[in-house]
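[1] One predicted model, sequence on top.
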Amino acid sequence: MDKQLSHITLIGIEAALAAGELLRQGFGGTFSVSSKSGVHNLVTEYDHRAEEQIIAFLRSEFPASEFLAEESGGETSSSEALQWIIDPLDGTVNFAHGIPIFSVSIAARQGGETVSGVVYQPITHELFVAQRGGGAFLNGNPIRVSSTSELKNGILATGFPYNLAENPGDCIEHFTDILKQGLPIRRLGSAAIDLCYVASGRFDGFFEISLAPWDCAAGILLIEEAGGKVSRWNETPLDIFSYDSVLATNGRLHGALSKVLRQR
């Protein structure tokens, strides 16, 4: 795989692996935890440490880069500059509670499109990598979305916003509509992992009412390069900076799942 990858992608991989090692060392130990806005919207010292480490490394390799990261923020770039979109610890609630499902997500954008995506799951040592036009890989091996062609045979994943009690976008009712299809639904607690699992054929589809760019930038590229499809719930194009609804599938189930989500 390495011979096919750009310098940008290889540096993204190096940053993700190093941050993942930091998280693995901290997992299960004692660390500070604080709350952001919203119920159970947690942040740990490892979110900050991993993000600082990632940005410092990427900046040393690409000094002119721009950054958009979950903890330190940043601006949405409209220029041709190389922009890194970073979630240093996707699945903080899991991490803080000793649940071994979390990831590092790093995407690179240039010229208005995501050109590289890396998601690393430190506990399982699974490295998901995609490069625009170059395919999607898991630990160096090519991955493809599933071949499931009927919704009734699908397995789905979802996530919920921290302000779930406010029921934004009637997301609770939409979730109920999916449940009535009788499908198995998983809620892992890391959208980046959910998207990677769609890309690798473990899940047939994923839906969530709203995602931040650092949650989905890398995962979306992985799905597209693995032959899947990503859009808003109504099948219109998704702008990752819009914090809009996300529907990601193997492509074959996209229309059927969108139809259920558009019932209201």
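    The structure has been received and is ready for your questions. Numbering: from 1, shown residues only.
[2] Now the phi/psi pair for the closest residue to Phe175 other than its chain neighbours, please.
    Residue nearest to Phe175 in three dimensions, not counting chain neighbours: Thr158, with 6.6 Å by Cβ to Cβ, 6 or more residues apart in numbering. Where C-beta positions appear, they are placed from N, C-alpha and C, glycine not excepted. Main-chain torsions, Thr158, degrees, to the nearest 10: phi -150, psi 170.
[3] Run through the bridge partners of Thr158.
    Taking DSSP bridges as the rule, Thr158 bridges to Phe207.
[4] Can we start the residue count at 4 from this point?
    Sure, I'll start counting at 4 from here, so that last one is Thr161.
[5] hang on, isn't it packed against Pro187?
    No. Counting by Cβ atoms under 8 Å, Thr161 stays clear of Pro187, with 11.3 Å between them.
[6] quick one: which of the two has more around it?
    The neighbour count for Thr161 versus Pro187, taken as other Cβ atoms under 10 Å, is higher for Thr161 (20 against 10).
[7] quick one: contacts for that one?
    Phe178, Ile181, Ile188, Arg189, Arg190, Asp197, Phe209, Phe210, Glu211 (Cβ atoms under 8 Å, 6 or more residues apart in numbering).
[8] What's the PyMOL syntax to select whichever of the residues you listed are buried?
    Burial among these is assessed by 16 or more other Cβ atoms under 10 Å; the matching PyMOL selection reads:
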select buried, resi 178+181+188+197+209+210+211
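[9] Tabulate the contacts of Thr161 (JSON lines), appending pLDDT and distance to Gly172.
    Below are those laid out as JSON lines (pLDDT from 0 to 100; distance: Cβ to Cβ, whole Å):
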{"residue": "Phe178", "pLDDT": "92", "distance to Gly172": "11"}
{"residue": "Ile181", "pLDDT": "94", "distance to Gly172": "14"}
{"residue": "Ile188", "pLDDT": "97", "distance to Gly172": "18"}
{"residue": "Arg189", "pLDDT": "97", "distance to Gly172": "21"}
{"residue": "Arg190", "pLDDT": "96", "distance to Gly172": "17"}
{"residue": "Asp197", "pLDDT": "98", "distance to Gly172": "18"}
{"residue": "Phe209", "pLDDT": "98", "distance to Gly172": "16"}
{"residue": "Phe210", "pLDDT": "97", "distance to Gly172": "11"}
{"residue": "Glu211", "pLDDT": "96", "distance to Gly172": "10"}
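[10] Using JSON lines, lay out the contacts of Thr161 together with distance to Ala251.
    Formatted as JSON lines, those follow (distance: Cβ to Cβ, whole Å):
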{"residue": "Phe178", "distance to Ala251": "16"}
{"residue": "Ile181", "distance to Ala251": "14"}
{"residue": "Ile188", "distance to Ala251": "14"}
{"residue": "Arg189", "distance to Ala251": "14"}
{"residue": "Arg190", "distance to Ala251": "15"}
{"residue": "Asp197", "distance to Ala251": "8"}
{"residue": "Phe209", "distance to Ala251": "5"}
{"residue": "Phe210", "distance to Ala251": "8"}
{"residue": "Glu211", "distance to Ala251": "9"}
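[11] Among the contacts of Thr161, find me the one that's closest to Val233.
    For the contacts of Thr161, the residue nearest Val233 by Cβ to Cβ is Phe209; the value is 9.0 Å.
[12] What distance do you get for Glu48 to Leu92?
    To Leu92, Glu48 is 10 Å away according to Cβ to Cβ, to the nearest Å.
[13] how about the strands in this protein?
    All strands of the chain, identified by DSSP state E, fall at 36-38, 45-47, 69-72, 86-93, 106-113, 116-124, 129-134, 138-141, 144-145, 159-161, 188-189, 208-211, 232-234, 249-252.
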